[in-house]
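> I'll drop the sequence and a predicted model, then ask my questions.
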Amino acid sequence: MQNSEPLKKSPWAKYGPSKDGDAPILPADVTSIVSSASRNFWKKPAFRMLFDCPRIEMLSDIRLTALRWNRAMTSKTLDREPRNTASTTSSVYVAATLSIVAALCLPSEGRAQSSRAACDKTDAQFAVTAAMPDNADALRKYERNVSGLSGDVSTVLLGDSLVEAWPRELSASLGAGPVANLGVGRDRIQNTLWFIEHERERLRKIKPKSIIVLVGTNNIYLDKPCGVMDSYQKLFDEIRSLWPNGKIFSIQILPRGDQMKGAAENIGSVNAELSRRSRELGIRTIDASDIACGRTTPCANYKSDLLHLTPSGYEALTRIAKQGIGSS
């Protein structure tokens, strides 16, 4: 039965209608406070920073938020009118979700200080310990990648979603022969280590002349820079052990986030250390930061999440990578 109380327009309507029947809105004073705060929050760079956080990728339940909101936006009242009220349940649901994500992702002074601290024994152990990916889909991708390898591969791409999404027609130009893209989305350096360790025998069957590595952006918020460097050193050692005759090219961690300031201090620290220690690590580094539009946003080379690349971004990345490989 339709609620006899007339529907009232809620300040939350601009963000999406409620799904929960015709439940009454929050009391006017509370609704006013919440809606005012939410409108101000939506306008701030801090909101976009929530989507510049790798932990969101690990929180698969966040998907339910998007699905629920999408269903809500297409729902109608019993008289077939678009719903424009926000129930208590919906308001609390949205507020709780944002609070959890903000607590996990928004930077704090304490977290920044910790990131600049020296690594202790636990940090070092965590950095070099291979880790199984946190989802079955990644394991399926690993299997798909190695099962499709042929013995004449000349170049291997290793990394995360930035590598996985590299268009085939562009990545094919990075080697004199067949190019194998072994990138898997959401991978951290420790996941790539796990992949190499567990597929070593099948990976030995190929003898690439070049190995291009682009991984680490999913480490940069969660690990100290010194820990990220320990992870890199372990990864490069494993690659050299697997393919001793191959040249390793490490593309530095790309700028990300609003105005390209996402974890900029840590990214700069790691990239500088990679360059400084490149001979010691037995690698050649490639600085591809020029794709970041002068470190301003919006940037045509980045998607709206300011992390992943657009087609023009991959064209620029391919051009820079080819220059780096050719100059070696």
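All right, it came through fine. Numbers count the residues shown, from 1 in each chain.
> show residues contacting stretch 268-277.
For stretch 268-277, contacts defined as CB atoms under 8 Å, 6 or more residues apart in numbering pick out 216, 220, 225, 228-229, 232, 250, 252-253, 281, 283, 285, 287. Glycine gets a C-beta too; all of them are placed from N, C-alpha and C.
> let's go with 6 Å and repeat that
Pro225, Val228, Met229, Gln252, Ile253, Thr285 (CB atoms under 6 Å, 6 or more residues apart in numbering).
> excluding residues flanking it in the chain, which one is nearest the fourth one?
Across the structure, with CB to CB, 6 or more residues apart in numbering as the measure, the residue nearest Gln252 apart from its sequence neighbours is Asn271 (4.2 Å).
> tally of neighbours for that neighbour?
21 (other CB atoms under 10 Å).
> tell me which element it falls in.
Secondary structure assignment for Asn271, by DSSP states H and E: helix 264-276.
> pLDDT score for the residue nearest to Gln252?
For Asn271, the model assigns a pLDDT of 97.
> the one 4 residues further on now?
Note on Ser275: pLDDT of 97.
> and the one 3 residues further on, by the same measure?
Looking at Ser278, its pLDDT is 96.
> then the one 5 residues further on?
pLDDT, Ile283: 97.
> and Ser150, by the same measure?
89.
> buried ones in the helix holding Asn271?
By 16 or more other CB atoms under 10 Å, the buried positions in helix 264-276 come out as Asn266, Ile267, Ser269, Val270, Asn271, Glu273, Leu274.
> so the first one sits against Asn219, correct?
By that I understand Asn266. No. Proximity of Asn266 to Asn219 does not meet the contact threshold set by CB atoms under 6 Å, at 9.3 Å.
> so where's the stretch 101-250 of the chain uncertain?
101-116 (pLDDT under 70).
> ranges for the helices of it?
109-116, 121-128, 136-147, 161-164, 168-171, 189-198, 200-203, 225-242 (DSSP state H, counting those that start in this stretch).
> wait, which of these is closest to Ser304?
Proximity to Ser304 (CB to CB) singles out helix 161-164 among these, at 14.9 Å.
> got the CA coordinates for the closest one in CSV?
Provided in CSV are the C-alpha atoms of helix 161-164 (Å, rounded to 0.1, in the frame of the first residue of the first chain):
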residue,chain,number,x,y,z
SER,A,161,46.5,-3.1,-14.6
LEU,A,162,48.5,-0.4,-16.4
VAL,A,163,50.3,-3.3,-18.2
GLU,A,164,47.3,-5.5,-18.7
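> what's that helix in contact with?
Counting by CB under 6 Å, 6+ apart, Leu157, Gly183, Val184, Gly185, Leu214 sit against helix 161-164.
> what is the nearest residue to Ser171 once chain neighbours are set aside paired to in the beta sheet?
Distance criterion CB to CB, 6+ apart; nearest residue to Ser171, sequence neighbours excluded, is Val179 at 5.3 Å. On the basis of DSSP bridges, Val179 is bridged to Thr155.
> so how far is Gln233 from Val179?
25 Å (CB to CB, to the nearest Å).
> return the set of buried residues in the strand or helix carrying Ala321.
Assigned by DSSP H and E, Ala321 belongs to helix 311-326. Using 16+ other CB under 10 Å as the test for burial, helix 311-326 gives Gly313, Tyr314, Ala316, Leu317, Thr318, Ile320, Ala321, Gly324, Ile325.
> same question for stretch 228-242.
Neighbour-count burial for stretch 228-242 [16+ other CB under 10 Å]: 228-236, 238-240, 242.
> coming back round to it: could you measure from the residue nearest to Gln252 over to Asp258?
From Asn271 to Asp258 the distance is 19 Å (CB to CB).
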